[in-house]
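[1] Here's a sequence, model it:
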Amino acid sequence: MGGLINAIEISAQGLSTQRAKMDIVAQNMANAETVETAEGGPYRRKRIVVSEEKKSTPFTTYLSKAGTKLARTHTGHRAGSARMETGSVEVSSVKHEEIQDPDSHFRLIHDPAHPNADEEGFVKMPDVDVVHEMVDMMAASRAYEANTTVISAAKKMVNDALDI
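    As a prediction, the model looks like this:
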């Protein structure tokens, strides 16, 4: 059962990560023409960096989070007395972090009439490609759907196991 709970937990973290990616893409698209920010200068493209973090957690921690007490069991389920396993479960955790894209450069547009134009008539514009952002949003949306499918399948397997 721990594997299914782990799958649900990882997929839930994946949902949060993909949601953050969609939020960043929306923010990038909304600021594609922003030439002046509060920090000064044009908007810089942002992105989400995802990394894996492994940790070993006592099984009793997951049991207490589930809110299920194993105080007793049906005598037919297991020979002898009921006992709780005290081992550790290795869990992968997914974390995401918002960063400004280090490869982001500004586009120079020649528009001498623009209020932010330099002495040569060029305006620094954000390096946000709307087509690229839409592709990123579609990929995040598909990954979000895949994570919801994993959670649904795991829930169905748990329900089917309880019906046995």
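
[2] ok, and for the helix of greatest length in the chain, which residues are buried?
    Longest helix in the chain, counting residues (DSSP state H): helix 130-163. Residues of helix 130-163 classed as buried under the neighbour-count rule (16 or more other CB atoms under 10 Å) are 133, 136-137, 140, 143-144, 147, 150-151, 154. Backbone N, C-alpha and C define where each C-beta goes, glycine included.

[3] in the chain, which spans are helices?
    Ranges of helices in the chain, per DSSP H, are 2-30, 59-66, 130-163.

[4] Select, out of those, the one closest to Asp111.
    Asp111 lies closest to helix 130-163 among these, at 18.9 Å (CB to CB).

[5] tell me what the closest one is packed against?
    helix 2-30 (3 or more CB pairs under 8 Å, 6 or more residues apart in numbering; DSSP states H and E).

[6] Find the residue ranges of the protein scoring beneath the pLDDT cut-off.
    The chain contains residues with pLDDT under 70 at 1-2, 55-92.

[7] again, 80 this time
    Within the chain, the segments meeting pLDDT under 80 span 1-4, 6, 53-94, 101-104, 164.

[8] in it, which residue is closest to the centre?
    Thr17 (0.7 Å; CA atoms, centre = their mean).

[9] For that one, which non-adjacent residue is closest in space?
    His96 (4.5 Å; CB to CB, 6 or more residues apart in numbering).

[10] For the one you found, list the residues it contacts.
    16-17, 20-21, 48-51 (CB atoms under 8 Å, 6 or more residues apart in numbering).

[11] Dump the residues you listed into JSON lines; add distance to Met29 as well.
    JSON lines is the format used below for those (distance: CB to CB, whole Å):
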{"residue": "Ser16", "distance to Met29": "21"}
{"residue": "Thr17", "distance to Met29": "19"}
{"residue": "Ala20", "distance to Met29": "15"}
{"residue": "Lys21", "distance to Met29": "13"}
{"residue": "Ile48", "distance to Met29": "15"}
{"residue": "Val49", "distance to Met29": "19"}
{"residue": "Val50", "distance to Met29": "20"}
{"residue": "Ser51", "distance to Met29": "25"}
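
[12] Any of those buried? List them.
    Buried residues within these, counting neighbours by 16+ other CB under 10 Å: 17, 20-21, 48.
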